[in-house]
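In: I'll drop the sequence and a predicted model, then ask my questions.
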Amino acid sequence: MSDYKIGEFEEIVMLTVGILHGNAYGVTIKDEIENRMKRKVTVGALQVTLRRLETKGLLDSHHGDTEDARRGRPKLFFSLTASGKNVLVNIRENRNQLWDAMPQIILDLK
């Protein structure tokens, strides 16, 4: 599964699920991305991405307890799978290799 190529938004969603470890559901993921990235996220785009990552085997989901405030509907929590963690590690290693190969003169230009 670590051969999966993911897009930027998928990567951001996966990293955010990891950051929210144990408390990652739609609203918290959306809020965390918007607060950290200063980037607007639509509920639809987030839900499609979460489902796609789950289909790829990179995220798991489970229902929490039902809540009166949600009219008895449970929250759907997400977590990284082992494959999802491997994909993120691989992405980080690849990016670090590229950054390490960048000539310092390029980074010093203003």
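Out: Cool, the structure landed.
In: From here on, just use CA atoms for contacts and neighbour counts.
Out: Noted.
In: can I get the CA coordinates of the lowest-mean-pLDDT helix or strand in the chain in PDB?
Out: Least confident helix or strand, the chain: helix 104-108 with a mean of 83, by mean pLDDT, DSSP states H and E. Extracted as PDB, the C-alpha positions of helix 104-108 are listed here (Å, rounded to 0.1, in the frame of the first residue of the first chain):
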ATOM      1  CA  GLN A 104      22.000  26.700  -0.500                       C
ATOM      2  CA  ILE A 105      22.400  29.600  -2.900                       C
ATOM      3  CA  ILE A 106      18.800  29.100  -4.100                       C
ATOM      4  CA  LEU A 107      17.500  29.200  -0.500                       C
ATOM      5  CA  ASP A 108      19.500  32.300   0.200                       C
END
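In: Summarise which helices and strands it is packed against.
Out: Taking 3 or more C-alpha pairs under 8 Å, 6 or more residues apart in numbering; DSSP states H and E as contact, there are no helices or strands that helix 104-108 lies on.
In: Give me the distance from the helix or strand containing Leu76 to the chain's centre.
Out: Using DSSP states H and E, Leu76 falls within strand 74-80. Relative to its chain's centre, strand 74-80 lies at 12 Å (C-alpha atoms, centre = their mean, to the nearest Å).
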